[in-house]
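**Student:** here's my sequence, what's the structure:
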Amino acid sequence: MKFLPKAMGSSLQSLYLVIALTSGLLMAVLNPPFAGVPDEQPHFLKAWAVAEGDITCRPGNTIPTAAYDLSYNYPKFVKVPGGGEKVVFHKTLQKLFKPDNPDDRTRNAYAVCGAPPLGYLPQAVGLRIGSLFHLSALAGFYLARILNLVASVLLVYWAIRLIPFGKMVLLVIGLLPMTLQQFAALGYDALHIATSFLLLAYVLKLACSPDEPLRLREAASLLVVGVFVCNVKFGYLGLTFLVFLLPVSKFRDRKRYWLFSLGYVAVNVLIFYLVYRYFQAHLAPGGGPGLPRVHTGKQFDHVVGAPLQFLSALLNSLYTKFNFYFETFLFKPGWLNASLPPLWYVFMAAGMAILVRSQEEEVPLTRRQRFIILGVFLLNLVAVYFSMYIAWTPVGARRIEGVQGRYLLSFFPLLVLFFYKAGFTFRHEYLSRNIRAILTVFYIAMIGWAFLSLYEIYYDKEPDVPLVVKMAEKLSGHR
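**Tutor:** Below is the predicted model of the structure:
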């Protein structure tokens, strides 16, 4: 442990902070813009709209022309597996430091119109800073990525610090390459995952002090985090039911417990409904996915009339697409059209399981609390599939389209915590004694492997001959 700084060795949250920031910064720089993360182009345009103060899609919304051109032209320089070009380092550097005309502006395209601005605040700040200092559009893009990463990592750090047990659970999921990919990108998934971890951690912290009455400040903080979680990314309202983990003993009587818990859920539902309706009312014309045979209203009526068919479609999707969900949960580069070697997925999953199971700590969860945790996980799982069934799947289809494993990242810790320390626990004295060193080596190996795969997929490894010749001539002293 001498090779680790004291700050790292002192706590898991400090270790997480160091690993997540270093590997996340590498991910932000190495992962090619727009081609390295699904749907990053519309998120980039949405972040620019928020940076300009436009929280809804309006016809008069404008952004710098250089930013608009970047979002449409840069992907041409990136190889999507199966065709196109690869990233060339010196071309990227030239574009990074090439000044843009800040006065040249164009109309912004409609993008992610139905999403609230909360999930784009760090990105918008990064873009505004880049604009203030007259940086290139590409430099502003990377700055927005980095600020989104820093904000999300700090929130997860805070969550690991707060949670009374299961710190390793949040750590291993917070260090998944897929999680880091979302943190180091321009989408709202970053803040959604991070704030979901924070909500879970804060509820468990309050639940583990049953003899201390719930203070007004704590109730207000719980409400603020809950509102943020539900309105950063729509579709995860079920996380508010974590409030039922609070024990009755934190209230004067059972009546106050039920009034607070049901009131908490009701307030979150009301705020969510108002926010959702407001942004749905400001959708751009034709703002839906526009997929063949997809009709949200008809699909909703179909589910109401035949709920068992929806359940059958959900189970069929889990069975037939399990491998896809597994890969897109751990890491599947780019637009989900490339995979890492199968051995990487085996090592990653096995290593995570060993790290979590090797922890020695007391878990003061009652049987009731464990089943509430499981129920909230299942509720959010069904909600994810239901939302994709009515919005992305042809009416009456036998399999649900559009679901990715990364959609489970924000609430997957619930499934782990349901089983955590409930029965057999794998322990080994050597692991317990050297857990931080083993964890560090494990993630360096796994994330390093992932980065090498990104390099193989996206980057041009053929040298630029004129550049090499020029450098050789300079080194040899010739002009």
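
**Student:** okay, now the unreliable bits of the stretch 251-400 of the chain?
**Tutor:** 282-292 (pLDDT under 70).

**Student:** my bad, the stretch 51-200 of the chain
**Tutor:** Within the stretch 51-200 of the chain, the ranges that satisfy pLDDT under 70 run 74-91, 93-94, 102.

**Student:** can you rerun that using 80?
**Tutor:** 57-60, 73-103, 108-111 (pLDDT under 80).

**Student:** how about the helices in the stretch 201-350 of the chain?
**Tutor:** Here the stretch 201-350 of the chain has its helices, by DSSP state H, counting those that start in this stretch, at 216-232, 254-280, 296-305, 307-320, 322-330, 342-357.

**Student:** list the contacts for V269?
**Tutor:** With contact set as C-beta atoms under 8 Å, 6 or more residues apart in numbering, V269 has these partners: 237, 240. Heads up, the C-betas are built off the backbone N, CA and C, glycines and all.

**Student:** among the helices of the stretch 201-350 of the chain, which comes closest to F34?
**Tutor:** Proximity to F34 (C-beta to C-beta) singles out helix 322-330 among the helices of the stretch 201-350 of the chain, at 18.3 Å.

**Student:** kindly export the closest one (C-alpha atoms) in PDB.
**Tutor:** What follows is helix 322-330, C-alpha atoms only, in PDB (Å, rounded to 0.1, in the frame of the first residue of the first chain):
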ATOM      1  CA  PHE A 322     -29.400 -10.700 -22.800                       C
ATOM      2  CA  ASN A 323     -26.000 -10.600 -24.300                       C
ATOM      3  CA  PHE A 324     -26.600  -7.200 -25.800                       C
ATOM      4  CA  TYR A 325     -27.800  -5.800 -22.500                       C
ATOM      5  CA  PHE A 326     -24.800  -7.400 -20.700                       C
ATOM      6  CA  GLU A 327     -22.300  -5.700 -23.100                       C
ATOM      7  CA  THR A 328     -24.100  -2.400 -23.200                       C
ATOM      8  CA  PHE A 329     -24.100  -2.400 -19.400                       C
ATOM      9  CA  LEU A 330     -20.400  -3.000 -19.000                       C
END
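
**Student:** how much does it deviate in direction from helix 307-320?
**Tutor:** 80 degrees (axes from the mean of the first three to the mean of the last three C-alpha atoms, to 10 degrees).

**Student:** any idea how far helix 322-330 is from the middle of the chain?
**Tutor:** On the basis of C-alpha atoms, centre = their mean, to the nearest Å, helix 322-330 is displaced by 15 Å from the centre of the chain it belongs to.

**Student:** distance-wise, check N337 relative to G351.
**Tutor:** 26 Å (C-beta to C-beta, to the nearest Å).

**Student:** scratch that, L315 is what I was asking about
**Tutor:** The gap separating L315 from G351 is 29 Å, by C-beta to C-beta.

**Student:** neighbour count winner among the two?
**Tutor:** Neighbour comparison, L315 and G351: the larger count goes to G351, with 17 against 11 (by other C-beta atoms under 10 Å).

**Student:** okay, and the closest residue to the more buried one other than its chain neighbours sits in which element?
**Tutor:** Spatial nearest neighbour of G351, excluding adjacent residues (C-beta to C-beta, 6 or more residues apart in numbering): F442 at 5.0 Å. Assigned by DSSP states H and E, F442 belongs to helix 435-458.

**Student:** what values do phi and psi take at the nearest residue to Y458 once chain neighbours are set aside?
**Tutor:** Among residues not flanking Y458 along the chain, P32 sits closest, at 5.0 Å (C-beta to C-beta, 6+ apart). For P32, the backbone dihedrals (degrees, to the nearest 10) come out as phi -60, psi 140.

**Student:** look at P32 and report its pLDDT.
**Tutor:** Here, the pLDDT recorded for P32 equals 86.

**Student:** please verify my assumption that K167 contacts L12.
**Tutor:** Yes - K167 lies in contact with L12 (C-beta atoms under 8 Å); the separation is 4.7 Å.

**Student:** intersection of neighbour lists for these two?
**Tutor:** What both K167 and L12 touch, as defined by C-beta under 8 Å, 6+ apart, is the set I160.

**Student:** ok, the closest residue to A450 other than its chain neighbours - contacts?
**Tutor:** Nearest in space to A450, with sequence neighbours left out and distances taken as C-beta to C-beta, 6+ apart, is P177 at 4.4 Å. By C-beta under 8 Å, 6+ apart, P177 lies in contact with 27, 330-331, 446-447, 450.

**Student:** and P177, how far is that from R58?
**Tutor:** Taking C-beta to C-beta, one finds P177 at 37 Å from R58.

**Student:** over to G334?
**Tutor:** For G334, the distance to R58 - C-beta to C-beta - is 32 Å.

**Student:** higher neighbour count, these two?
**Tutor:** Set G334 next to R58 and count neighbours by other C-beta under 10 Å: G334 wins out with 21 against 14.

**Student:** backbone dihedrals for that one, please?
**Tutor:** phi 60, psi -140.

**Student:** which residues touch Y202?
**Tutor:** 159, 162, 221-222, 225.

**Student:** mind giving me the PyMOL command for buried ones among these?
**Tutor:** Entered in PyMOL, the line below selects the buried ones among those, by 16 or more other C-beta atoms under 10 Å:
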select buried, resi 159+162+222+225
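
**Student:** my guess is S23 meets A445, correct?
**Tutor:** No - judged on C-beta under 8 Å, S23 makes no contact with A445 at a distance of 11.7 Å.

**Student:** of these two, who's got more company?
**Tutor:** S23 (24 against 14).

**Student:** for the residue nearest to A450, give its distance to F244.
**Tutor:** Taking C-beta to C-beta, one finds P177 at 33 Å from F244.

**Student:** repeat that for F260.
**Tutor:** For F260 relative to F244 (C-beta to C-beta), the value is 10 Å.

**Student:** and if you look at Q280?
**Tutor:** Taking C-beta to C-beta, one finds Q280 at 29 Å from F244.

**Student:** and these two? Which one has more around it.
**Tutor:** Shown here are Q280 and F244; by other C-beta under 10 Å, F244 has more neighbours (21 against 12).

**Student:** for L147, list the residues it contacts.
**Tutor:** 122-123, 125-126.

**Student:** burial count for L308?
**Tutor:** Neighbours around L308, by other C-beta under 10 Å: 7.

**Student:** next one: G263
**Tutor:** Counted with other C-beta under 10 Å, G263 comes out at 13.

**Student:** can you mark which positions in stretch 311-323 are buried?
**Tutor:** The neighbour-count criterion (16+ other C-beta under 10 Å) identifies 313-314, 317, 321 as the buried residues of stretch 311-323.

**Student:** who touches it?
**Tutor:** Residues outside stretch 311-323 that contact it (C-beta under 8 Å, 6+ apart) are 325, 382, 385, 389, 393, 397-400, 403.

**Student:** am I right that S152 is in contact with F183?
**Tutor:** Yes - counting by C-beta under 8 Å, S152 does reach F183; the two are 4.3 Å apart.

**Student:** now for the two: what residues contact both?
**Tutor:** 190, 193-194.

**Student:** and which of the contacts of P177 is nearest L355?
**Tutor:** L355 lies nearest to M446 out of the contacts of P177, by C-beta to C-beta, at 11.1 Å.

**Student:** any idea how far the residue nearest to A450 lies from Y257?
**Tutor:** Taking C-beta to C-beta, one finds P177 at 41 Å from Y257.
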